[in-house]
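1. sequence? don't have it. structure:
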DNA sequence: TTTGGATAGTTTCATATGTAACTAATATTG
DNA sequence: CAATATTAGTTACATATGAAACTATCCAAA
């Protein structure tokens, strides 16, 4: 009797893309809630603040590259942060198209408040792993990132 | 001279929630494009198909639990799949509120087509890692999942 | 049995997001 | 130094998503 064609089973719970997605969402949501509840910031706004704090005078395009956000998302996050008074747009002298973005004093203030909270969330999370395991995880993720997106660097 | 208070630096590119999010999105998007381009399915619809194939007669609520989708998302994905002719809703005899969902013959057909493609995408991705590393990654992710969401099992 | 919840699932509405079109400025090239 | 192409960023529109309200059914206690 002919056997019906039958694929290898696909259990969602062992399928890497699914597992990664669920894990990432669980973690992101947890942290996003912190930003939002305490400071009224979206995760995108927080990311923009983080890179702007790191590189004052950065342009919107550069922010997009460093955060993997598209330009519309950056534009909206920047607009929101300016609205909130946390970010300031300065004209760029050499290129009038580019904007030069810097945190305001208020922006730096709440940035300084968020950083330890974010780091502490992360620390609490990774405290389930030993130092060795943390390093190993970072290494494996790096390899995956390269395999998933060989054309451009993810981080 | 008094030193300005200064937090530990937060480099986004080494911040686990960020890295995970970017990696997961890169992978999901890659696979989502495959489902969509070849079969016109969203990632949510694909997840619903996967668990329904695994457990014929499953209810929408159960699907939500197994896929980490909320009930609105499940409802919409199910409606779309029925529209496409891939899923069938049967009345549940014991409980008229519950729906009993099964793939149609057409649904099983494209499911059988997608599975090997999805598995092959995954295989290509994880081929960057040795068997040992794959197992280690799964283990570390499991630990993180538990730390991130101790209340309920993610997978 | 009736009545006040719970539960399954859908619909509605407000917001978020992505794509494409647009504006303004700079760079290139003939 | 025109004319054209490219780049930075915003706006508009269409679709996706989530929270809350809603409908229908079932359960539990008086």
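-> Arrived safely, thanks for sending. The structure displayed is predicted, hence computed values, not measured ones. Residues are numbered from 1 along each chain as shown, chains lettered A, B, ... in the order given.
2. can you give me the neighbour number for residue A:148?
-> Neighbours of residue A:148 under the rule other CB atoms under 10 Å in any protein chain shown: 24. Placement of C-beta: from N, CA and C, glycine included.
3. run through chain A and note the low-pLDDT ranges.
-> Applying pLDDT under 70 to chain A picks out residues A:1-7.
4. for it, longest helix please?
-> In chain A, taking DSSP state H as the definition, the longest helix is helix A:16-39.
5. report the buried residues of that helix.
-> For helix A:16-39, burial by neighbour count (16 or more other CB atoms under 10 Å in any protein chain shown) applies to A:16-28, A:31-32, A:34-35, A:39.
6. give me the contact list for that helix.
-> Helix A:16-39 is contacted from outside by A:12-13, A:41-43, A:45-46, A:110, A:113-114, A:117-118, A:121, A:125, B:16-17, B:20-21, B:23-25, B:27-28, B:31, B:47, B:68, B:121-122, B:125-126, B:138, B:141, B:144-145, B:148-149, B:154-155, using CB atoms under 8 Å, 6 or more residues apart in numbering or on different chains.
7. ok, which of these also contact DNA strand C?
-> The subset of the contacts of helix A:16-39 lying close to DNA strand C, counting by CB under 7 Å from any atom of the strand, consists of residue A:42.
8. just the buried ones from the contacts of helix A:16-39?
-> Among these, those classed as buried by 16+ other CB under 10 Å are A:12, A:41-43, A:45-46, A:110, A:114, A:118, A:121, A:125, B:16-17, B:20-21, B:23-25, B:27-28, B:31, B:47, B:68, B:121-122, B:125-126, B:141, B:144-145, B:148-149, B:154-155.
9. now intersect these with the helices, please.
-> Within these, residues falling in helices by DSSP H are A:43, A:45-46, A:110, A:114, A:118, A:121, A:125, B:16-17, B:20-21, B:23-25, B:27-28, B:31, B:47, B:121-122, B:125-126, B:141, B:144-145, B:148.
10. mind checking the SS state of the closest residue to DNA strand C within chain A?
-> Of all residues in chain A, the one sitting closest to DNA strand C is residue A:96 (3.2 Å; CB to the nearest atom of the strand). Classification of residue A:96 by DSSP: H, G, I helix; E, B strand; the rest coil places it in coil.
11. residues near it, how many?
-> By other CB under 10 Å, 8 other residues sit near residue A:96.
12. got phi/psi on it?
-> Backbone torsions of residue A:96, given as degrees, to the nearest 10, read phi -70, psi -10.
13. thank you, goodbye.
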